[in-house]
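Asks: Give me the fold of what follows.
(chains A and B)
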Amino acid sequence: MLKRVLSSESSASIIALIGVVVIFTLINDRFLTRLNIEGIIVSASISAIAGLGMTLIIAMRALDLSVGSIMGFSAISGAILLSYGVPLPLVIVAGLIVGGALGFLNSQLINLLRLPSFVATLATLSMILGGELLITEGATVTIRNGMSSRLVIGKLFGIFPWAAVIAAIVFACVWTIFHWTPFGRHVAAIGGDTRAAVGAGVNVKAVTVGVFSLAGVLAALAGLMVAGMLQNADSTVGVGAELTAIAVVVVGGTSLMGGRGNLVGTVCAAFLLASVKAGLNIANVSSKYEGLVFGGILIIALMADGLRRGTRRKGMLVV
Amino acid sequence: MAVNAFVEEAQRAGASALRATGMRKRFGGVEVLHGVHLELRPGEVHALLGENGAGKSTIINMLSGRLSPDAGHVELHDERVEFKNPLSARNAGISMIAQELEVVPTLSIVENIFLGAEPSKFGLIRWGDARRKVTAILKELGVDAEPSCIVGAMSVADQQLVEIAKAIVGDFRVLIMDEPTSALNLEDTERLFKIVRRLKAAGVAILYVSHRLWEVFDLADRVTVLRDGNVVASSSISETDINTVIRAMLGNKSSLIGDAGRPRRKAVDIRNKTPTLKLEAIDSGSLLRDISLTVHDGEVVGLAGVLGSGRTELCEAIYGLRPIDKGTLSLKGAPTDLSEPKASLANGVFLLPEDRKSEGIFGHLDVRENVILGYNPATDPTEVKVAPTVANRSSWRLGGAAPIAVPAERRAFDTMRKALGIKCSGPLSNILQLSGGNQQKALFARGALSHPSVMVLSEPTRGVDVGAKEEIYSAIDSFASRGVAIIVGSSEIGELLRLASRIYVLRAGRIVAEVETASTTEEEILKLMAG
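Replies: Reported below is the predicted structural model:
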């Protein structure tokens, strides 16, 4: 049992996480304060939610670069609706529908215009960002809704952080979809060998619609949570988040070549990266170095992935 | 596979299970099928033969819903059907085992077998059910693996067995098998044939495509031969024989028939000559033990052995793709370290890999680039020396940015193309558009351009049609007559008898015998291989 755990693809993230916690606590014992840990949990949960959607997309050997923009757009939409007095439950549903619709748009660009996902979502990244600026005209929309804040940084029963609860529910749903439904298996099949999937009767276009719409919904959820946490929204929400999402997926052990998806790894990596960010903060490292550190982690993760997938010829990394 | 009462009745009536009439197909401006008729009857194995390019793949892709015909229609049990995609054909009861494996390497066996047909309840897959069915079928096919095994980690033979399992799970009335035994050993093939015979008895109509004519004559009831997009012969197996069938396949190339199995060259006198390549007590990996062999200039030496005997591994070990843990490898008497392909090439050793798709050709490059890859005109002793200028420096050394090949490279490609008879619509045609035989010749050409002193050929005619096979044999003969030492590894004993003067038989990683071709028989070698 221990051997299986140690050799699993997510074990690297867990080991790294433990290491990181130890190192940062040694640097500054404020790392282990309740405030810091709660902050990490909230931040990790949000990026895990977006990351889980991205995991399925990467498992299909595609990419969604518009995740950050969808986050921002849904955050802004939610904030505006709240400011008009729309009740919170409706706002949440509306926000998720908006995310799903944007994801649907992505899938149509890919299916109808036959654009590679990289190109299609690069386009929608800009388009949606433009939409955000049109709506907000550059201003920040403030939210005055205690409930929306509590649902992110508050705690269920006073013990479990809501953000983590939401992330756990999302994880359970995505896991079930990915491993227990034909749709989920088709996602992995398309990524593993598209020709074989087509030969077996997989409807690639339909699966594309499903996967990108789902990713859109999850990105929207993450965006709504950010808005609730900050109690405001503007066009800077989610900027760069797609890269964090991709990093979280890759560091979590999912291969960019597709065919497989490590959902547990994604969640672990989300916690790892959130811890590193918080740790650097507490250690008073200038945020200018954050990029370098994350880049370094990404490189190590990619190298580990290459070594793990192995090569029959020594010295040659088969991509 | 429950016996279908409807099929039983149809069989009694002598009715047809699948009838294709007047099938035509055009690719680009070229018509590749000119009105083909094909009829499959329940409980019958119908073999479809033809050279590569004759139209076999085209017609079976149309029957299985992967391609749509430009003209003609298909009737399933006398009812007209039209398939828009592979799934609709499968749902109608037409199952296919594709030649190019259609397994997803990152998924498990059970996920692959039920891909597209997952048993589900309330939207969730019933894995328990699925695993049970898979365990049963794996046992029948002789695959020793758990249903949760990832297919990509399995051997090619096992992957092909998973592909076969995928096709025979569930209900179907027609089974199309396209080269289903290409990666299988004798044992697996026999097991498959048992299953085919059982399906026959259950009333399934089977279309069997294979280059292995003896398999066809062993298994089939009827045979249809395609040539250049036309049906040129169709009869029951008892009314014909191998030579007639080959003649029908090749048309005017009929001078190549008969004679298969007789060595065309005299054995080379190797007494008192230093072997070009000598292996002494070589151990490699977990399989090969105590391998000793020699090859001399101008000799063709064969390696016989079933899949798993170490034949492939030995070829790879010589070339440096696998480590040599113990023993000595000597070239021309001098111990040499060929621990990586670069060293082998530098020492004049060339390998034609067994799996050309993943180890040989560069699918995104054109034919010419595939052939001249690695070719350096400056070191070619047959190239006329010209003072180097920018214009004729190798385009590759300039960083590969030049779209036009340097004249020396163009010349080299042309020479090779003529010498080997590579059929392509031009040097710039994409290599994947060539037939298997021509792809193999292109790889041959690449090797020939490096002017090797030793050529190691692993399954050189796998997936190659009869005509191209003969041309490759001639090429091997001519290389041998020019003094190249050649090792040929093959699972086709007839091929080894035709090409080699000596044959080493491998079994379970060891050499169990060395025989002279002139004084042995196919049966004897088979016995040595099987142990």
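
Asks: Contact residues of the stretch 151-300 of chain A facing chain B?
Replies: By the rule Cβ under 8 Å from any Cβ of the partner chain, the part of the stretch 151-300 of chain A lying against chain B is A:176, A:180-182, A:185-186, A:188-189, A:191-193, A:195-203, A:258-260. Where you see a C-beta, it was placed from the backbone N, CA and C, and this is true even at glycine.

Asks: Run a quick neighbour tally on the closest residue to chain A within the stretch 201-350 of chain B.
Replies: As assessed by Cβ to the nearest Cβ, chain A sits closest to B:Leu321 within the stretch 201-350 of chain B, at 6.2 Å. Look at B:Leu321: counted by other Cβ atoms under 10 Å in any protein chain shown, it has 21 neighbours.

Asks: got it, and the one 3 residues further on?
Replies: Residues contacting B:Ile324 under the criterion other Cβ under 10 Å number 20.

Asks: On the three-state scheme, it is what?
Replies: Assigned state for B:Ile324: coil (three-state reduction, DSSP: H, G, I helix; E, B strand; the rest coil).

Asks: how about the helices in the stretch 1-150 of chain A?
Replies: For the stretch 1-150 of chain A, the helices defined by DSSP state H, counting those that start in this stretch occupy A:2-7, A:11-27, A:34-59, A:67-83, A:88-112, A:117-136, A:146-153.

Asks: For the stretch 201-350 of chain B, what lies in contact range of chain A?
Replies: Within the stretch 201-350 of chain B, the positions near chain A by Cβ under 8 Å from any Cβ are B:Leu321, B:Pro323, B:Glu340, B:Pro341.

Asks: The last one reaches B:Ala317, doesn't it?
Replies: Read that as B:Pro341. No. Look at B:Pro341 against B:Ala317 with Cβ atoms under 8 Å: they stay out of range, at 11.8 Å.

Asks: so what's residue 16 up against?
Replies: In the absence of a named chain, chain A is used. A:Leu272 (Cβ atoms under 8 Å, 6 or more residues apart in numbering or on different chains).

Asks: Hmm, no, I was thinking of chain B.
Replies: Taking Cβ under 8 Å, 6+ apart, we find B:Ser16 in contact with B:Glu39, B:Leu40, B:Arg41, B:Glu75, B:His77, B:Asp78.

Asks: Where does it fall, secondary structure wise?
Replies: For B:Ser16, there is no host helix or strand (DSSP states H and E).

Asks: Find the nearest non-adjacent residue to the residue of the stretch 101-250 of chain B found nearest chain A, please.
Replies: Across the stretch 101-250 of chain B, the shortest distance to chain A (Cβ to the nearest Cβ) belongs to B:Thr106, at 2.9 Å. Leaving aside its chain neighbours, B:Thr106 sits nearest to A:Gly259 (2.9 Å; criterion: Cβ to Cβ, 6 or more residues apart in numbering or on different chains).

Asks: Quick check: that neighbour touching A:Val187?
Replies: No. A:Gly259 lies out of contact with A:Val187 (Cβ under 8 Å); the separation is 9.7 Å.

Asks: What residue spans form the domains of chain B?
Replies: B:1-93+B:172-184+B:199-256, B:102-170, B:273-348+B:454-531, B:361-396+B:403-451 (automatic domain parsing).

Asks: Can I get those domains in TSV including mean pLDDT and distance to A:Val170?
Replies: Listed next are those as TSV, based on pLDDT from 0 to 100; distance: least, Cβ to Cβ, whole Å:
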stretch	mean pLDDT	distance to A:Val170
domain B:1-93+B:172-184+B:199-256	83	31
domain B:102-170	90	18
domain B:273-348+B:454-531	86	45
domain B:361-396+B:403-451	70	39
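
Asks: and of those, who's closest to A:Gly223?
Replies: Checking the domains of chain B against A:Gly223 by Cβ to Cβ gives domain B:102-170 as the closest, at 27.8 Å.

Asks: Okay, now the closest one: how far is its last residue from its first?
Replies: 17 Å (Cα to Cα, to the nearest Å).

Asks: Same check on stretch B:203-213?
Replies: Taking Cα to Cα as the criterion, the two ends of stretch B:203-213 lie 24 Å apart.

Asks: ok so, going back, most tightly surrounded among the helices of the stretch 1-150 of chain A?
Replies: Highest mean neighbour count among the helices of the stretch 1-150 of chain A (mean count of other Cβ atoms under 10 Å in any protein chain shown): helix A:67-83, with a mean of 27.

Asks: so what does that one touch, helix or strand wise?
Replies: Under the contact criterion of 3 or more Cβ pairs under 8 Å, 6 or more residues apart in numbering or on different chains; DSSP states H and E, helix A:67-83 touches helix A:34-59, helix A:88-112, helix A:117-136, strand A:141-142, helix A:204-230, strand A:232-233, helix A:241-251.

Asks: These into TSV, with extra columns for mean pLDDT?
Replies: As requested, those are arranged in TSV below (pLDDT from 0 to 100):
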stretch	mean pLDDT
helix A:34-59	94
helix A:88-112	96
helix A:117-136	95
strand A:141-142	89
helix A:204-230	96
strand A:232-233	91
helix A:241-251	92
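
Asks: Is B:Ile237 in contact with B:Thr224, as I believe?
Replies: No. Using Cβ under 8 Å, B:Ile237 makes no contact with B:Thr224, being 11.0 Å away.

Asks: In the contacts of B:Ser16, which residue is surrounded by the most others?
Replies: B:Leu40 leads those on contacts (other Cβ under 10 Å) with 26 neighbours.

Asks: Tell me which of A:Gly259 and A:Val187 has more neighbours.
Replies: When A:Gly259 is set against A:Val187 and neighbours are counted by other Cβ under 10 Å, the residue ahead is A:Val187, at 30 against 23.

Asks: phi, psi of B:Asp337?
Replies: Note on B:Asp337: its backbone torsions stand at phi -100, psi 100 [degrees, to the nearest 10].

Asks: do you know how far the residue lying closest to it once chain neighbours are set aside is from B:Asn230?
Replies: What sits nearest to B:Asp337 in space, not counting adjacent residues and going by Cβ to Cβ, 6+ apart, is B:Ala343, at 6.5 Å. Per Cβ to Cβ, to the nearest Å, B:Ala343 is found 50 Å from B:Asn230.

Asks: picking that back up, mind checking the domains of chain B for the one nearest to A:Ala62?
Replies: domain B:102-170 (14.8 Å).

Asks: As a check, name the ranges of all strands in the stretch 201-350 of chain B.
Replies: Counting by DSSP state E, counting those that start in this stretch, the stretch 201-350 of chain B has strands at residues B:205-209, B:222-227, B:230-236, B:277-284, B:288-295, B:300-304, B:326-331, B:334-335, B:349-352.

Asks: Tell me the buried residues in the third one?
Replies: Buried residues in strand B:230-236, counted by 16 or more other Cβ atoms under 10 Å in any protein chain shown: B:Val231, B:Val232, B:Ala233, B:Ser234.

Asks: tell me the contacts of the third one?
Replies: Contact analysis of B:Ala233 by Cβ under 8 Å, 6+ apart lists B:Val223, B:Thr224, B:Val225, B:Thr240, B:Thr244, B:Val245, B:Ala248.

Asks: Need the buried ones from those selected in PyMOL.
Replies: Here is the PyMOL command that selects the buried residues among these (16+ other Cβ under 10 Å):
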select buried, chain B and resi 223+224+225+240+245+248
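
Asks: export the contacts of B:Ala233 to JSON lines and tack on distance to B:Trp214?
Replies: Below are those laid out as JSON lines (distance: Cβ to Cβ, whole Å):
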{"residue": "B:Val223", "distance to B:Trp214": "13"}
{"residue": "B:Thr224", "distance to B:Trp214": "18"}
{"residue": "B:Val225", "distance to B:Trp214": "16"}
{"residue": "B:Thr240", "distance to B:Trp214": "14"}
{"residue": "B:Thr244", "distance to B:Trp214": "15"}
{"residue": "B:Val245", "distance to B:Trp214": "11"}
{"residue": "B:Ala248", "distance to B:Trp214": "17"}
